[in-house]
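In: Structure for the following, please:
(2 chains)
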There are 2 protein chains.
Amino acid sequence: MSSELPTGAPTAGPIAEVLSANQAFYDAHEGADLSAMDVVWEHSERVVCVHPGWPILRSWAQVRGSWERIFSGPARNQFILTNVAVSVDGDTALVTLEENLIASGPGLTGTGAIAATNVFVRDRRTDASGWLLIAHHGSPVMSR
Amino acid sequence: MSSELPTGAPTAGPIAEVLSANQAFYDAHEGADLSAMDVVWEHSERVVCVHPGWPILRSWAQVRGSWERIFSGPARNQFILTNVAVSVDGDTALVTLEENLIASGPGLTGTGAIAATNVFVRDRRTDASGWLLIAHHGSPVMSR
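Out: I've put the predicted structure just below:
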């Protein structure tokens, strides 16, 4: 199941669920909300995160630590998400999109496009109905 | 199922199969071998590829076109793969690693580390036993 958006973004079904989980990730980032990040990510050894320009971080402990560090800094990021595509295959979902970043903070302003790949898995815990982020990879798109 | 390598890299089972598919991808890249790339990737609309600094490419047609363009250029890349981790969940596998790049070509030399995320799915075609690449995302790691 694959969908490039917006072409009538679905409001139900797995693609809508994944889009909702994806939006929760960016809301947590914009809000610098570590508790919200706790809800977005799977808490496991397999999670991986590559922030733009950073080396690979692995395990929830390392990934959570990076968000803690980012959120404790002065920068606040706002995103306009464009060019979003979702594909769902069983219990795994792949989201790619462009994060059009508006960064601000003391002495910090900037804009830029980040290409992002996000991998979600279905939350299999009892009574769960959502999706959990297991991989995020962001990289700056160079102007050509 | 999750494995950070090398800690006795397995020689059988899904993790070994995924590592083999992953190696085939880098062999195709090093060999600038488009036919080998044809074998590595799923030929579908859902495939995505982000080369370092590039925008998102989607669909096998676009992704194949990018390899064709890269392979027709003068640069030849050699990789030393380090810090490889694999996790397999049902029919989906996630590989992260560092591509330690040694680029060479007329007027082109350089080294650098690329953080890469590769997503594979089990090949469900009749008589298939391998894994197909559906997403590759590479980004330069900045020195700090």
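
In: per-residue confidence for the closest residue to residue A:94 other than its chain neighbours?
Out: With CB to CB, 6 or more residues apart in numbering or on different chains as the criterion, residue A:94 has its nearest non-adjacent residue at 5.0 Å, and that residue is residue A:87. C-beta coordinates here come from the backbone N, C-alpha and C atoms, glycine included. On the pLDDT scale, residue A:87 is placed at 96.

In: The helix or strand hosting residue A:87 pairs with which strands, parallel or anti?
Out: Per DSSP states H and E, residue A:87 falls inside strand A:76-89. Note on strand A:76-89: by DSSP bridges, its sheet partners are strand A:2-4 (antiparallel), strand A:92-105 (antiparallel).

In: which stretch in these has the least confidence?
Out: strand A:2-4 (a mean of 63).

In: circling back to that earlier point, for the strand holding residue A:87, buried residues please.
Out: Within strand A:76-89, the residues scored as buried using 16 or more other CB atoms under 10 Å in any protein chain shown are A:77, A:79, A:81, A:83, A:84, A:85, A:86, A:87, A:88, A:89.

In: Convert the C-alpha atoms of stretch A:42-57 to CSV, please.
Out: The C-alpha coordinates for stretch A:42-57 follow below in CSV (Å, rounded to 0.1, in the frame of the first residue of the first chain):
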residue,chain,number,x,y,z
GLU,A,42,9.8,2.5,20.3
HIS,A,43,11.9,2.0,23.5
SER,A,44,14.2,-0.7,22.2
GLU,A,45,17.8,-1.4,21.2
ARG,A,46,16.9,-1.4,17.5
VAL,A,47,15.9,2.2,17.2
VAL,A,48,18.3,4.4,15.1
CYS,A,49,18.5,8.1,14.5
VAL,A,50,20.7,10.2,12.2
HIS,A,51,20.3,13.9,12.8
PRO,A,52,21.5,16.0,9.9
GLY,A,53,25.3,15.8,9.9
TRP,A,54,25.4,13.6,12.9
PRO,A,55,26.8,10.0,13.1
ILE,A,56,24.4,7.2,13.7
LEU,A,57,22.8,6.9,17.1
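
In: and it, how far from the chain's centre?
Out: 11 Å (CA atoms, centre = their mean, to the nearest Å).

In: as a whole number, average confidence for that stretch?
Out: Averaged over stretch A:42-57, pLDDT sits at 96.

In: Briefly note if that stretch comes near chain B.
Out: Yes. Applying CB under 8 Å from any CB of the partner chain, one finds stretch A:42-57 in contact with chain B at A:44, A:45, A:46, A:48, A:50, A:52, A:53, A:54, A:55, A:56.
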